[in-house]
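>>> Sequence isn't available, so here's the structure alone:
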């Protein structure tokens, strides 16, 4: 699959937003991705007042640059579907040729239609704002040797962003996607990104520096319920149409309860996980991150840690009810 360069620098400008503690203490921030410096401040759920503020940015200039690289990659026009077919489908709704994002959306829609209308409803295509994702991922505190998994990874945007932002920490970044056309598109972007980084590394004369530029990525085709979560340390779920009860995800929570290791962190966007999801098992909310998101106007990312539930005597609790 070939990719053609089509870069629109306007996508790098972002608006303001807030990051807050779950109990309601609000810290303001205004990320300006058009500038050199960009500091994300996240409030820790376990602290209060000024002590709750923690700079999770690390090297702000480096993160700014790496997020911009991934965003630029996804402004590349894809030949996965012919332009004529894409433009014909888009013409009733759009007054100008479809953007690369719209073309990916059309690919997803066609693929979902082949699985039937019931599947199509739960497979609405969307792409999370990378600034918001980067802040939430930093709050999840990736550690050396960790494995990242994006549930419903679409065209692979968050997987590549995680692999680029935390190339030194993640041993592997994975995506699982049920729509085969999107999984194939993910692999095409991955190959293009690796080639791009090789070219840039050679230009900088740092080919032998030993620095890892991109964590290894794997894109799996299949249902997330059948994915292997046993060795996963950080999970991202940007799937607001997945089965839920009120604001709480149900099927995803069941799978994570059964398969995910204790201590793993989970990022959920615009949905939540219950404090208790199984006998002796639950998810502690550690951070809440609010920010702009092109799909929805604004979104909230909830960062959790999977924990064992024990009572005051240190005995594992037994659930009386769960979602």
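Perfect, thanks for sending it. Here the structure is a predicted model, which is why all the values come from computation and not from measurement. Numbering: from 1, shown residues only.
>>> Helices along this protein, start to end?
Ranges of helices within the chain are 60-73, 83-90, 100-114, 117-121, 130-139, 157-165, 180-203, 251-259, based on DSSP state H.
>>> buried sites along the third one?
Same thing as helix 100-114. 100-108, 111-112 (16 or more other CB atoms under 10 Å). C-beta: built from backbone N, CA, C; applies to glycine.
>>> Likewise for the last one?
If you call a residue buried by 16+ other CB under 10 Å, then helix 251-259 has these buried ones: 252-257.
>>> what is the mean pLDDT for it?
Here helix 251-259 scores 94 as its mean pLDDT.
>>> Who are the packing partners of that helix?
When contacts are defined as 3 or more CB pairs under 8 Å, 6 or more residues apart in numbering; DSSP states H and E, helix 251-259 packs onto strand 276-278, strand 281-293.
>>> Least confident of those strands, on average?
Among the helices and strands packed on helix 251-259, strand 276-278 scores lowest, at a mean of 80.
>>> what lines up beside that one in the sheet?
Here strand 276-278 is paired, per DSSP bridges, with strand 281-293 (antiparallel).
>>> and residue 201, what pLDDT?
On the pLDDT scale, residue 201 gets 73.
>>> Now residue 137: closest residue in space, sequence neighbours ignored.
residue 162 (6.1 Å; CB to CB, 6 or more residues apart in numbering).
>>> Next one: residue 104 from residue 174, what distance?
20 Å (CB to CB, to the nearest Å).
>>> Surely residue 162 and residue 153 touch.
No: using CB atoms under 8 Å, residue 162 is not in contact with residue 153, being 10.3 Å away.
>>> Count the neighbours of residue 199 for me.
10 (other CB atoms under 10 Å).
>>> Tell me who's in contact with it.
By CB atoms under 8 Å, 6 or more residues apart in numbering, residue 199 lies in contact with nothing.
>>> Equivalent analysis for residue 62, please.
No contacts exist for residue 62 under CB under 8 Å, 6+ apart.
>>> Adding distance to residue 303, write the helices of the chain out as a markdown table.
Shown next, in a markdown table, are the helices of the chain (distance: least, CB to CB, whole Å):
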| stretch | distance to residue 303 |
| --- | --- |
| helix 60-73 | 17 |
| helix 83-90 | 36 |
| helix 100-114 | 26 |
| helix 117-121 | 28 |
| helix 130-139 | 5 |
| helix 157-165 | 14 |
| helix 180-203 | 24 |
| helix 251-259 | 14 |
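>>> Which one of those helices lies nearest to residue 292?
helix 130-139 (7.1 Å; CB to CB).
>>> isn't residue 167 right up against residue 214?
Yes: counting by CB under 8 Å, residue 167 does reach residue 214; the two are 5.5 Å apart.
>>> With neighbour numbers in mind, choose between the two.
residue 214 (20 against 17).
>>> so what pLDDT did that one get?
You'll see residue 214 listed with a pLDDT of 95.
>>> Relative to residue 198, how far out is it?
Where residue 198 is concerned, residue 214 sits at a distance of 10 Å (CB to CB).
>>> what does residue 235 give?
Taking CB to CB, one finds residue 235 at 29 Å from residue 198.
>>> what does residue 259 give?
Residue 259 is 35 Å from residue 198, by CB to CB.
>>> ok, now residue 229?
For residue 229 relative to residue 198 (CB to CB), the value is 32 Å.
>>> Looking at the two, which one has more neighbours?
The neighbour comparison of residue 229 against residue 198 (other CB under 10 Å) goes to residue 229, with 18 against 13.
>>> wait, that one sits on residue 235?
Yes: Residue 229 lies in contact with residue 235 (CB under 8 Å); the separation is 7.4 Å.
>>> what touches both of the two?
Residues touching both residue 229 and residue 235 by CB under 8 Å, 6+ apart: 149, 256, 260.
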